[in-house]
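Engineer: The sequence isn't on hand, but the structure is:
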């Protein structure tokens, strides 16, 4: 190889040197004709991606990575929101096992491509589950539902659709919110703003701030709402507050985009946990809903979810559906069949559905009892501060109010793994481990302020 | 982007009217999207009540009874994994075991590149997802690059790179006159593209034409791409399906690796393991060294996290169960060969039927082409006649999915094709 020696730019000189170095190592390249280097050309000796820097660990999933590396027998993983039994083990619901076994034993089942919108039965049943079997929106065919990859995938597909078809390309997300929300919407092509939500002073809802911020949002803006069991704070509006939020949003034509990842997990009752959404649908207006079955059916890794768009008319709903397909086809063509089949099997069978609601309530109840135990344990230790938010907050997470330094202390000294914002997953606690956590919190609060 | 701007311009004027009191939908200006040209064919087929209807549209394998097939190795793997310990989230990069086995298929069982950990690889949502992840990665890290796509190609390739906002160019590939490869024009396009362009190549069994370069032609293509410093991205959706031998079907990739290219590969198990609806695949990018591979993998994960967080576990478990068990793997290889052989047999049968009917046209290309598809050369009008008069469903580009041809329908199909082409 005889690279151009006449060009004198530093880049070319560096690349020429590199080629000479590699040419001696690889005889094949010696026989090539002259190669001219341009700034965008990949040098034959160099990967075109050699400039790529390593990305930081995902803050949430990175917690589990760190936990796995720790050899201490006392370690506790309160990071990712995945349910654990009293024995600290992941759980596959009995009814899910049953459904899976039915699917495996059915020799007539095939694994062909689903339609682009996913499993039709699954979509219908999911809409019924979140909107209610008697929902007028469903009866009037005003709802389009497409199967997506769990909550993440549903949010992303909805975001991409909005960026293409909606006139207002700003979405307001609560402060704080699930860490992945801003990334999802930014990559969808939306611009992300925040509205006040959590009040550190009360460890509750900053309702006034929320109403002010939504009140000053431009007409038509999209607003992300956590349907129940807000992640990471566990702080939910009351029904009266939801009603006021609804009125304000409708008066300003703000578009609601609900993230429903914990239906049934918050209160233990599926209908109760869908109240906020149903309130908005009842007024005849439009909204987006992202549903996930990761937690409430324990189907985490199967990536089962659905995006529903409630429209004013059936005709609009069908056109919207056709455009949603254009978003998903170049993303994954059609969604994965296994998890959706399990969900459909369960939801359409009265007995299996009832079994599911019982197992779901058991999970929710165990979490509620963990809240009580932790609260009692801190009171018993006389840990300074008001810890009532532990039992007031709802769902899988508690926003402890601990700061970054206290969290780091707890990880270092007590092998407690949690996200640095002070969020703990109650699902990761058991009666056995509550005392250890209480000790850690007590030490962190008394030794570090 | 232009479409978005135009639409927002049109709708902005209406914002004053759209308010809470307005009873009209925010979406009333949403146009109905055109049906997907490929998947729309099956929808139309299913809606047709005619008893003799034939579906040679979508590329999903059928046995000689026209029935979809679940491989025995897959059934056995599913039996083993049912009652699995848990359904926890996979890591963002997917199942490590599945990815390891998948890389061996593409790069070689004893590949030094795998041993040296130079390959950044993540589980992806079948071939579509792997291509899309690469396109997003290309946009983020080579923002000035564009993708060269063969003409014709799988229609969704265009959608994928468009949605990733990577500008597209095309290169010559199919030569209608010969129903074969337009090698000279293809080489010219590679030569004339600016140095350092990104080229999309079908590793084997080109979709939709079934026309593949010969081994000698692949060697020349590799040399020319290397001379220009281009980046080769392989879409390999049919490994095993083309010749019946996965090693043979990976030849193009192995040639490029021998020649020292840094490549990317999208692999899919939809067809060769019949796992269509499970959405199992893999995206890999060959890097300079282990450090770079770690960096690239971490960035691929950053793109996956806001799209689906982590990939589905079930299909990946099936794949890793089969490929890591020598007996199951042997069974799989046997079953893949059966599928490929049946298709090759149907190619011969269709060509012979047409020749026996006395067709004035040449049908050599049916047996020259390889893989699941035959680019018949039928015009859109002839295709419409096949559908409307004979209830035969295929895409309007004349692509026939040979997997849908059986001993039961090959004569009917040949007759129909003869009828619509004999006066051509």
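Structural biologist: Received the coordinates, thanks. Not measured: the values here are computed from a predicted model.
Engineer: so where's the stretch 301-449 of chain A shaky on pLDDT?
Structural biologist: A:449 (pLDDT under 70).
Engineer: And the strands in it?
Structural biologist: Taking DSSP state E, counting those that start in this stretch as the criterion, the stretch 301-449 of chain A contains strands spanning A:304-310, A:397-399, A:416-417, A:423-425.
Engineer: Next, format the ones you listed as CSV and append mean neighbour count.
Structural biologist: C-beta coordinates here come from the backbone N, C-alpha and C atoms, glycine included. Output for these, formatted as CSV (neighbours: other Cβ atoms under 10 Å in any protein chain shown):
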stretch, mean neighbour count
strand A:304-310, 29
strand A:397-399, 27
strand A:416-417, 26
strand A:423-425, 27
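Engineer: Nearest to residue A:359 among those strands would be which one?
Structural biologist: strand A:304-310 (16.4 Å; Cβ to Cβ).
Engineer: so what secondary structure elements neighbour the closest one?
Structural biologist: helix A:120-131, strand A:143-149, helix A:150-165, strand A:287-292, helix A:314-332, helix A:337-348 (3 or more Cβ pairs under 8 Å, 6 or more residues apart in numbering or on different chains; DSSP states H and E).
Engineer: count of neighbours near residue A:188?
Structural biologist: 23 (other Cβ atoms under 10 Å in any protein chain shown).
Engineer: Quick one: residues contacting the closest residue to it other than its chain neighbours.
Structural biologist: Of all residues not flanking residue A:188 in the chain, residue A:159 sits nearest, at 2.9 Å (Cβ to Cβ, 6 or more residues apart in numbering or on different chains). Residues near residue A:159 by Cβ atoms under 8 Å, 6 or more residues apart in numbering or on different chains: A:171, A:184, A:185, A:187, A:188, A:189, A:190.
Engineer: what's around residue A:108, how many residues?
Structural biologist: Residues near residue A:108, counting by other Cβ under 10 Å: 5.
Engineer: Would you enumerate the residues in contact with it?
Structural biologist: Applying Cβ under 8 Å, 6+ apart, no residues contact residue A:108.
Engineer: mind giving me the domain split of chain A?
Structural biologist: Using the TED database, the domains assigned to chain A come out as A:60-91+A:366-448, A:113-348.
Engineer: gap between the two ends of the last one?
Structural biologist: This stretch, domain A:113-348, spans 22 Å end to end (Cα to Cα, to the nearest Å).
Engineer: next one: the first one
Structural biologist: From its first residue to its last, domain A:60-91+A:366-448 covers 24 Å (Cα to Cα).
Engineer: Pull the number of nearby residues for residue 247.
Structural biologist: Went with chain A since none was named. Residue A:247 has 12 nearby residues by other Cβ under 10 Å.
Engineer: I was thinking of chain B, sorry if that wasn't clear
Structural biologist: 14.
Engineer: Let's verify it: helix, strand, or coil?
Structural biologist: Following DSSP: H, G, I helix; E, B strand; the rest coil, we place residue B:247 in the helix state.
Engineer: Could you tell me the per-residue confidence at it?
Structural biologist: pLDDT, residue B:247: 97.
Engineer: residue boundaries of the strands in chain B?
Structural biologist: B:54-55, B:119-124, B:147-151, B:168-172, B:174-175, B:180-181, B:198-202, B:231-236, B:263-268, B:281-286, B:373-375, B:392-393, B:399-401 (DSSP state E).
Engineer: Same check on the stretch 1-150 of chain A?
Structural biologist: A:76-77, A:143-149.
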